[in-house]
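Engineer: the following block contains a protein sequence and its predicted model.
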Amino acid sequence: MNRLRMLLVLAALTCSGGSAMASIQSGWPLLAFAREAGCELQIVGNGKFLELRGSGFVPGESLSFSLTNGDIKPLARQAFADGSGRWTKLYIPFRFGQPGGTVNVALSASRCTMTAGVPWQRLVRVID
């Protein structure tokens, strides 16, 4: 049942509109950030999900994004800033057989390169 609940939450996050997701994630605490040359990288989270946020870019600007999480193959992608000069990505920190780790993110544009990292831990939730 717990896996089904997680799949339903993921489906809801994936299928819901941006404004609905933004309202949910706007209350998540800031876990790490970096600033350079008017650009900003933020990592926010709720204990299960991380949202990676970039801002201060030129609208439509090409971005280079990379993410590492322990021994998992690093992610490296090209991304683009939206019409407001922002970029977001959801990430679920997980490693098979590991209770936690550290997620490190690098985001760069034409005038800035930022890195930030945050530790994470899988906790068992007990409901009384």
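Structural biologist: Now that the structure is in, tell me what you want to look at.
Engineer: make it CA atoms for all contacts and neighbour counts henceforth
Structural biologist: Noted.
Engineer: phi, psi for P59 please.
Structural biologist: Backbone dihedrals for P59, given as degrees, to the nearest 10, come out at phi -50, psi 130.
Engineer: so it sits right up against A79, yeah?
Structural biologist: No. Here P59 lies out of contact with A79, judged by CA atoms under 8 Å, at a distance of 11.9 Å.
Engineer: looking at these two, which is more packed in?
Structural biologist: The residue with more neighbours, out of P59 and A79, is A79; 18 against 15, by other CA atoms under 10 Å.
Engineer: tell me the spacing between the more buried one and L30.
Structural biologist: Going from A79 to L30 by CA to CA, to the nearest Å gives 22 Å.
Engineer: any low-confidence regions in this protein?
Structural biologist: 1-24, 124-126, 128 (pLDDT under 70).
Engineer: can you pull out the strands in the protein?
Structural biologist: Here the chain has its strands, by DSSP state E, at 30-36, 39-45, 50-55, 62-69, 75-80, 87-91, 100-108, 113-121.
Engineer: which neighbouring elements make contact with the fifth one?
Structural biologist: Think strand 75-80. Where contact means 3 or more CA pairs under 8 Å, 6 or more residues apart in numbering; DSSP states H and E, strand 75-80 is packed against strand 62-69.
Engineer: what's next to the strand it packs on, contact-wise?
Structural biologist: 74-81, 93, 95, 101-110 (CA atoms under 8 Å, 6 or more residues apart in numbering).
Engineer: how about a cut-off of 10 Å?
Structural biologist: With contact meaning CA atoms under 10 Å, 6 or more residues apart in numbering, strand 62-69 is reached by 54, 57, 73-82, 87, 91, 93-95, 100-110, 112-120.
Engineer: fine by me, we can end here.
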